[in-house]
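**Q** next one to model:
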Amino acid sequence: MAYRAAAQHRGRFLLRIEDIDKGRCRPEYEQAIKDDLGWLGLAFEEPVRRQFEHFADYAAALKTLDEAGLLYPCFCTRKEIADEIARAAEAPHGPDGPLYPGTCRRLSREAREARITAGESYALRLDVEKAAGKVARPLTFMEQGAGPDGETGEQIARTALFGDVVLARKELPASYHLAVVVDDALQGVTLVTRGHDLFPATHIHRLLQACLGYEPPAYAHHRLILDASGKKFSKRDRSVTLESLRRNGTTPASIIAQLGL
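**A** Below is the predicted model of the structure:
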């Protein structure tokens, strides 16, 4: 869809390599992505933007959010978060499971500074309620494809869907949510094409765009290729790849049809 839109409007079709976590990224993986896109008939501009090369851009965005009072340090371990959620009578859930209960949001400034000075490790979370209050208007985004439940057209952004998301950690200077929002703005992206699994993320991305003063792009979400049980393919599960489908005789037209493009 993005490729067709770019061709029709003399635009640009961009590929981005999301390689912030260098421990999980390898040159052969990047080449496989390019090979797969080439097989599907999709040509993109070179050089591609690699997130690992743009940490300064993400740091600048974090500084903007911090100066607006929208970030707070979270010292909780995953186990501590799980334990607190388990103790709660009713824990609100989001697309990724139970939401962070806001433990460190309630710390005083003095307590935060003391723990940072003591050298405790922490992540930076977005205070979603404060961020939404700062925007002080309903946020929407335009869906030109269709979400997993058929959502299309103008959508109301549910900014609290993910709770107080992590935007950076000591070992990872930017989360997926922050990095793609910054990249879209800096690259002048006007249409984001991605799978159904990322449709919920658009809600928090719209809030970040508003807080950072970015114009939102339009979105076009598409179906995923699923296994026989209805589960999406994943590298983590050593699932089927486009390369293996290609070797087994699957055609580009078949893949495009399965994606609903």
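
**Q** what residues are up against the residue most central in space within the chain?
**A** For the chain, the residue whose C-alpha lies nearest the mean C-alpha position (Cα atoms, centre = their mean) is residue 177; its distance is 3.8 Å. For residue 177, the contact set (Cβ atoms under 8 Å, 6 or more residues apart in numbering) comprises 162, 165, 167, 201, 204, 205, 208. Placement of C-beta: from N, CA and C, glycine included.

**Q** tally of neighbours for the fifth one?
**A** Yep, that's residue 204 we're talking about. 27 (other Cβ atoms under 10 Å).

**Q** thought residue 164 was touching it, still the case?
**A** No. Counting by Cβ atoms under 8 Å, residue 204 sits too far from residue 164 to count as a contact (10.1 Å).

**Q** what do the two both touch?
**A** Shared contacts of residue 204 and residue 164, counting by Cβ under 8 Å, 6+ apart, come down to 126, 128.

**Q** got the confidence number for residue 119?
**A** Each residue has a pLDDT score; the one for residue 119 is 94.

**Q** before we move on, back to that, and the residue nearest to the centre of the chain, which of the three is it?
**A** Following DSSP: H, G, I helix; E, B strand; the rest coil, we place residue 177 in the helix state.

**Q** distance of residue 172 relative to residue 51?
**A** According to Cβ to Cβ, to the nearest Å, residue 172 and residue 51 sit 11 Å apart.

**Q** more neighbours, those two?
**A** Each of residue 172 and residue 51 has its neighbours counted (other Cβ under 10 Å); residue 51 has more, 22 against 18.

**Q** can you pull the poorly scored residue ranges out of this protein?
**A** 1-9, 89, 228-230, 233-239 (pLDDT under 70).

**Q** show me where it has its helices.
**A** For the chain, the helices defined by DSSP state H occupy 2-8, 27-39, 55-67, 78-87, 109-117, 128-135, 176-187, 201-212, 242-247, 252-259.

**Q** identify whichever of the ones you listed lies nearest to residue 103.
**A** Closest to residue 103 of the helices of the chain is helix 78-87 (Cβ to Cβ; 6.1 Å).

**Q** give me whichever of the helices of the chain is most buried.
**A** Comparing the helices of the chain on average neighbours per residue, with mean count of other Cβ atoms under 10 Å, the densest one is helix 201-212 at a mean of 22.

**Q** against which helices or strands is that helix packed?
**A** Contact partners of helix 201-212 among helices and strands, from 3 or more Cβ pairs under 8 Å, 6 or more residues apart in numbering; DSSP states H and E: helix 55-67, strand 123-126, helix 128-135, strand 140-143, helix 176-187.

**Q** next, the angle from it to helix 128-135.
**A** For the pair helix 201-212 and helix 128-135, the angle between their directions (axes from the mean of the first three to the mean of the last three Cα atoms, to 10 degrees) equals 50 degrees.

**Q** shift numbering so it begins at 32
**A** Understood, numbering begins at 32; the last thing we discussed is helix 232-243.

**Q** list phi and psi for the residue lying closest to residue 177 once chain neighbours are set aside.
**A** Counting by Cβ to Cβ, 6 or more residues apart in numbering, residue 183 is the residue found nearest to residue 177 once chain neighbours are left out, at 4.8 Å. Backbone torsions of residue 183, given as degrees, to the nearest 10, read phi -150, psi 160.

**Q** lovely, talk soon.
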